[in-house]
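Asks: This is the structure alone, sequence omitted:
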């Protein structure tokens, strides 16, 4: 199996698992995996496909500028420019972008602050932070309709080989050195978002109940 | 494969994916796909079937009046009249009707207003609205028990080749030029409903918490 | 295929679909389907099995008293007495008992009232009520630890050929003339429970917001 | 099939079902099953694997000290020390550790109290408590970053052959005499957590509504 085929399989595996969770509503979301470094090339999801299906047109190979390699009628995802930022600036090997209700709610509730920080949660280790009081901060950026502008702002937060950025009312983009690291990071973030929201609502309930009882 | 068989497969594919999400509770929901234009004919779900199963009696062919074509013991869905409105008034090729908890809650919370409008959410693009400040307005109509009356009121909101109408305490009907467009539109609406509800609850929580802190 | 085998398949089908939804937590839940009328016999789930698995020991045949027919090492579900009530008192052909978080919450919130009534919801039709203003009332009974006592109280509410009873902090039991009718009834009830709870929470939120704005 | 192979299959079965529920976010969670008593050996999940996949490197055999038996490049889960406590102190045959949003929320809301108690819920029977007013108390311990310290504190609560301990902001560990008993216990606990949280929120809503109406 060629390197491209191996990477294709890895990405198809991730697509299948995330599709089962309905993390690609309305054909949203896009995924990429690096194939070569010299020169840079990566597989990226073709635009507008139903990601609950598996076909041999799900991904296409693009170069370091995000342009298709070779002859193809496929169009790379509009957000290929964001994936390009990642592979040009870091040693990441895989990058994933999904829309979930919880990541959108978090992005809107904390968007004005520009970031959200998590601390004291075991699953933070899945983001590669192993110290006891490790903090995970995820930046939240404005959802510029102009993709090159969005990609530029996004790129400012792409520094490490694994990381995550929330785009307000849009979704999350995560990346990691390997497909597994990227998926692990994504799942940890989504867990933290859901946990944070649910805990927030129950803290409010307990707060309310104790005020009532205290009156 | 005949055109009818191809369309059958497309519709069966959508049925399978939506059934996996439990979007057909209590045999509710109905689906249709256009087969021919001249004269108009479409496949529609047979009445009262368990949509978690796949059989060769899941759909039947009906004409432009919604009457079965040829000999059959199958009964078209009661709401075939609504699908008929769509194919008679637009160039839509597929139409989907499902009941979800969230679309029912939205239809009841905003039913008195007669519609709900979404704005500033990336996934609105999945409904074919690409401008930066695009607004998506979904009408909410009364759930007339008399289906021809329901179909007539529904028909007043069927103007574009892709669209959606909520029926109060009943469900959503969406349509699009292709099966993929209709499914995409449906998923985007459901995402917007769930997002709207969850955000609403957390805005109320934050509101409450800041009032308490501000006292 | 014998009648017993046909019924076995029908019940196994339902078990598979409900197991996929995780409606049998902790091996809870039990299912039954009538095989013969004269004399009465029905298949019922064997006690203590993991219902996410499919084996040829999932069900066993019992007589009209709920006693195993023929030689078997299998023990019928403890709640076989409740299924027995149904087949002895009505023409039902299938009965299903499941624990879900939402049916438990409803049973506790409205348990003191002794019942919950739904009205003005399209999905009520799935319970065989087709009039425009049909009301569906589901009794809620006390969860007697002594099963014969529970079965007797349960039996007082078993009058129609299709119906449902909630057992407080325990679960729902539904029945219908056919396997499909019972499943349809169950899904409609669960939809109504989830819808009712979610709507209740958003009505409270809107109520709160308008009080704040009105101050 | 050797005893080791039989146990491997049992554990793989559980892993598959729990993975389908997304109970292993970010490669979190770990599972173990006893193979032999004299001397003690058990299979435990290898560290850092994606648990949605099934491979012949998912588990490895360790001895009574949690050290790999024989030559292997696999590393046992970091939390093997907790499983070791269970097999050394009780007759348990299987132990499961998972992270869910609800078990984390419960662990944080009641962490200061040191435990949570459930009563009057039918599903408590799945934890082997059959008396009418049986109470189930689950201890909640501090999430020490130093695993041997965590294992020691955890071990203080490991007394019965079946049980559960919540680790704050981390997850739950349950065990039972057999794989089925451990899985049953786990599902009952998760059901109780979700039920408790949902009921708590609706009690607060009803409380609020009656205060408003009572004013």
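Replies: Alright, I've got the coordinates. On a predicted model such as this, the values are computed, not experimentally measured, just so you know.

Asks: residue contacts, residue A:101?
Replies: B:191, B:194-195, B:198 (CB atoms under 8 Å, 6 or more residues apart in numbering or on different chains). From N, CA and C alone the C-beta is placed, and that goes for glycine too.

Asks: quick one: contacts for residue A:197?
Replies: Taking CB under 8 Å, 6+ apart, one finds A:102, A:105-106, B:198, B:202 in contact with residue A:197.

Asks: Figure out the helix or strand that it lives in.
Replies: Per DSSP states H and E: residue A:197 is located in helix A:179-214.

Asks: Let me know the angle separating that helix from helix D:179-214.
Replies: On the basis of axes from the mean of the first three to the mean of the last three CA atoms, to 10 degrees, helix A:179-214 is oriented at 40 degrees to helix D:179-214.

Asks: List the buried residues for helix A:179-214?
Replies: A:179-202, A:204-205, A:208 (16 or more other CB atoms under 10 Å in any protein chain shown).

Asks: Secondary structure class of residue A:71, three-state.
Replies: coil (DSSP: H, G, I helix; E, B strand; the rest coil).

Asks: Check the burial of it by counting its neighbours.
Replies: Neighbour count of residue A:71, defined by other CB atoms under 10 Å in any protein chain shown: 5.

Asks: repeat for the one 4 residues further on
Replies: Other residues lying near residue A:75 total 12 when counted by other CB under 10 Å.

Asks: So for it, what pLDDT did the model give?
Replies: We have a pLDDT of 97 for residue A:75.

Asks: next one: residue A:131
Replies: 87.

Asks: What distance do you get for it to residue A:177?
Replies: To residue A:177, residue A:131 is 20 Å away according to CB to CB, to the nearest Å.

Asks: From the neighbour counts alone, determine which of these two ranks first.
Replies: The residue with more neighbours, out of residue A:131 and residue A:177, is residue A:177; 17 against 9, by other CB under 10 Å.

Asks: What residue, apart from its backbone neighbours, is nearest the residue of chain A found nearest chain D spatially?
Replies: Closest to chain D within chain A is residue A:126: 3.2 Å, counting by CB to the nearest CB. Using CB to CB, 6 or more residues apart in numbering or on different chains and skipping the chain neighbours, the partner closest in space to residue A:126 is residue D:26 (3.2 Å).

Asks: cool, residue A:199 as well?
Replies: That would be residue D:105: by CB to CB, 6+ apart, it lies 5.2 Å from residue A:199.

Asks: tally of neighbours for that neighbour?
Replies: Residue D:105, neighbours per other CB under 10 Å, totals 25.

Asks: What strand or helix carries it?
Replies: Per DSSP H and E: helix D:101-109 holds residue D:105.

Asks: end to end, how far does stretch A:46-58 reach?
Replies: One end of stretch A:46-58 sits 6 Å from the other (CA to CA, to the nearest Å).

Asks: near chain D, anything from that stretch?
Replies: No - on the criterion CB under 8 Å from any CB of the partner chain, stretch A:46-58 is out of touch with chain D, staying 15.9 Å away.

Asks: what's next to that stretch, contact-wise?
Replies: Taking CB under 8 Å, 6+ apart as the rule, stretch A:46-58 contacts A:12, A:15-16, A:18-19, A:24, A:27, A:29, A:45, A:59-60, A:74-78, B:13, B:17, B:180, B:183-184.

Asks: can you rerun that using 7 Å?
Replies: A:12, A:15-16, A:19, A:24, A:27, A:29, A:45, A:59-60, A:74-78, B:17, B:180 (CB atoms under 7 Å, 6 or more residues apart in numbering or on different chains).

Asks: Just the ones of the residues you listed in helices?
Replies: Those of these mapping onto helices are A:12, A:15-16, A:19, B:17, B:180, per DSSP state H.

Asks: so which of those residues is the most crowded?
Replies: residue A:15 (23 neighbours).

Asks: so what's that one up against?
Replies: Per CB under 7 Å, 6+ apart, neighbours of residue A:15: A:31, A:51, A:58.

Asks: let's see 8 Å
Replies: A:31, A:45, A:51, A:54, A:58.

Asks: and what of residue A:147?
Replies: By CB under 8 Å, 6+ apart, the residues touching residue A:147 are A:78-79, A:81-82.
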